[in-house]
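Q: Task: produce atomic coordinates for the following.
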Amino acid sequence: MSVSDCSLAELLIVACSEAWRGNGEVVATGIGPVPRLGAGLAKLTHTPQLMMTDGEAFLVEEPVPIGPRGYDDRKAAGYLPFSRFFDSAVWTGRRHAMVTPTQIDSFGQTNLSYLGGTYQQPKTQMLGARGFPGNSIYHINSMFVPFHSKRTFVEGEVDMVSSAGYNPARRIPGGNYSGIDLRVIVTNLCVMDFGGRDNAIRVVSLHPGVTIDQVRAATAFDLQVDGDLPTTPLPTEEQLAIIARLDPHNQRATVIKDNPPAITKESVA
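A: From the prediction side, this is the model:
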């Protein structure tokens, strides 16, 4: 498998695409440029059965490139108003979304609502819980975090639980929690999943040049690790070409700042 030099953004796009591997015929929803490019890459490579929208009200045969484009520069497969999208994909479990919460705790509970203070008088008001409560119990979810820090991966619980996770302290006897299905977290330092004890967050790979001590120093809770950690795979030449086609204006470079400037074959040898 031929590997070329790549940017950190391209490495993260490929890592995000793996979240949808083998999902089959579900709607892949990537919120933000990197997750959206990851979903498109997944459809065009390892999981062609994925369904995608144009971000508005149409299903598309081909992922729509991000950035400026003509309104009709897409291959629409059919009209999909929100009511039908909700009925056919969201609440029936036929969707896998990748989102970027403001806070995440060790059991995958997230916060998108407010920081500090109280519910009645928050210190910082954000978007509100939006669709997070329902989405977190109806279909698969993964997460993308462009800057791994203790401000995002917080100690204890998030300031407001906007979406459900695996926290055993929140479980009510007799409750049905089978709809909670959290898969992957991709950050600028590593890839994590929920395979730890009691479905806690676990590190599964480190990006080139990153150590587990760096990841732990940027996380406010104890991270679980099983054995030696592999290095997150670099993109192939084919993957890089697809990413360039889906992002013709190179918006990925403005979203993720490289540190170091590039990942090369030599840097991971």
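Q: in a helix, that's where L11 is, yeah?
A: Yes: secondary structure of L11, determined by DSSP: H, G, I helix; E, B strand; the rest coil: located in a helix.
Q: quick one: contacts for it?
A: Contacts here follow Cβ atoms under 8 Å, 6 or more residues apart in numbering; on that basis L11 touches H207, P208, T232, L234, P235, I263. For glycine as for every other residue, the C-beta is placed from the backbone atoms N, C-alpha and C.
Q: ok, of those, which one's closest to L223?
A: The shortest separation between L223 and any of the contacts of L11 is 14.9 Å, and it belongs to H207 (by Cβ to Cβ).
Q: Give me the below-cutoff pLDDT ranges for the stretch 151-269 of the chain.
A: Within the stretch 151-269 of the chain, the ranges that satisfy pLDDT under 70 run 257-269.
Q: Now do the helices in this protein.
A: 8-17, 33-44, 82-85, 132-138, 212-217, 237-246, 252-255 (DSSP state H).
Q: Can you point out the buried residues in the fifth one?
A: If I follow you right, that is helix 212-217. Judged by neighbour count (16 or more other Cβ atoms under 10 Å), helix 212-217 contains these buried residues: V215.
Q: which other residues reach it?
A: By Cβ under 8 Å, 6+ apart, the surrounding residues in contact with helix 212-217 are H148, L189, C190, V203, L206, L223, V225, L229.
Q: coming back round to it: could you save the contacts of L11 as CSV and add columns showing distance to A39?
A: As requested, the contacts of L11 are arranged in CSV below (distance: Cβ to Cβ, whole Å):
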residue, distance to A39
H207, 20
P208, 23
T232, 18
L234, 20
P235, 16
I263, 22
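Q: Now, these that are in strands?
A: Applying DSSP state E to these, no entry is found in strands.
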